[in-house]
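# I would like to see how this sequence folds:
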Amino acid sequence: MSKLMTIYIDADACPVKQEIYRIAERHALKGVALKVFVVTNSPIAVPRDEMIERVVVGSGMDEADNWIAERARAGDIVITADVPLASRCVKSGAHVIAPNGRVFSEDSIGMTLATRNLMDSLRSSGEITGGPKPFAPRDRSSFLAALDQAIVWLKRAGFGQTMGTSP
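Next up is the predicted model:
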């Protein structure tokens with residue numbers, strides 16, 4: 001019996017998919033039982049590996065978000081920049097990390113969602129026309145550290161362990 005560790009990637013616009021695959025492979029080689037779901041609205045290439053599964057959902061609004069949110073639970077990691085999806089997944093107990101390394105938590109998600117909604121409203125009224133900052137090398141480094149830390153923490157909590165192994 002195992003408590004599989006699952007990583008869900010909101011993959012359509014995710015700039016760190018390759019990094020996720022490498023980190024997942026490194027931890028799998030260390031004996032962590034994990035599965036990566038790459039969730040998209042259209043087919044994309046993913047490595048041929050039994051621990052990585054591509055899931056292509058319908059092209060409707062929020063199809064990928066809904067698929068992920070319906071499955072994410074405690075012991076899972078969700079990678080997304082989508083704040084409403086992050087909120088849904090945090091509420092279900094999942095660890096949620098943005099591609100820039102920002103960790104969404106129960107303590108931060110309320111204010112993050114309120115800020116996102118305010119900015120969306122201001123953009124809709126024409127007050128603000130800019131979007132998020134461009135993805136930078138330091139964002140990639142922050143993401144790598146946050147994902148590695150989440151996997152180590154979950155492993156210590158007993159996830160990703162197979163019967164007969166101990167944290």
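
# which residues in this structure form strands?
Secondary structure of the chain (DSSP state E): strands at 5-10, 34-40, 52-56, 76-79, 95-97, 103-104.

# for Ala136, which of those is the nearest?
With C-beta to C-beta, the closest approach to Ala136 among those belongs to strand 95-97: 16.3 Å. For every residue, glycine as well, the C-beta is placed using N, CA and C.

# which strands and helices lie in contact with the closest one?
If you count contacts as 3 or more C-beta pairs under 8 Å, 6 or more residues apart in numbering; DSSP states H and E, strand 95-97 packs onto strand 76-79, helix 83-91, strand 103-104, helix 137-156.

# rerun that using 10 Å as the cut-off
With contacts taken as 3 or more C-beta pairs under 10 Å, 6 or more residues apart in numbering; DSSP states H and E, strand 95-97 sits against strand 5-10, strand 76-79, helix 83-91, strand 103-104, helix 137-156.

# residues of the last one that come out buried?
What that stands for is helix 137-156. 139-140, 142-144, 146-147, 150-151, 154-155 (16 or more other C-beta atoms under 10 Å).

# give me the neighbour count for Ala13.
10 (other C-beta atoms under 10 Å).

# which pLDDT value belongs to Gln149?
Looking at Gln149, its pLDDT reads 95.

# same thing with Asp120?
At Asp120, pLDDT is 71.

# burial count for it?
Asp120, neighbours per other C-beta under 10 Å, totals 12.

# same question, Ile77
26.

# which residues are in contact with it?
Neighbouring residues of Ile77 by C-beta atoms under 10 Å, 6 or more residues apart in numbering: 5-9, 20, 24, 34, 36, 89, 94-97, 146-147, 150-151, 153-154, 159.
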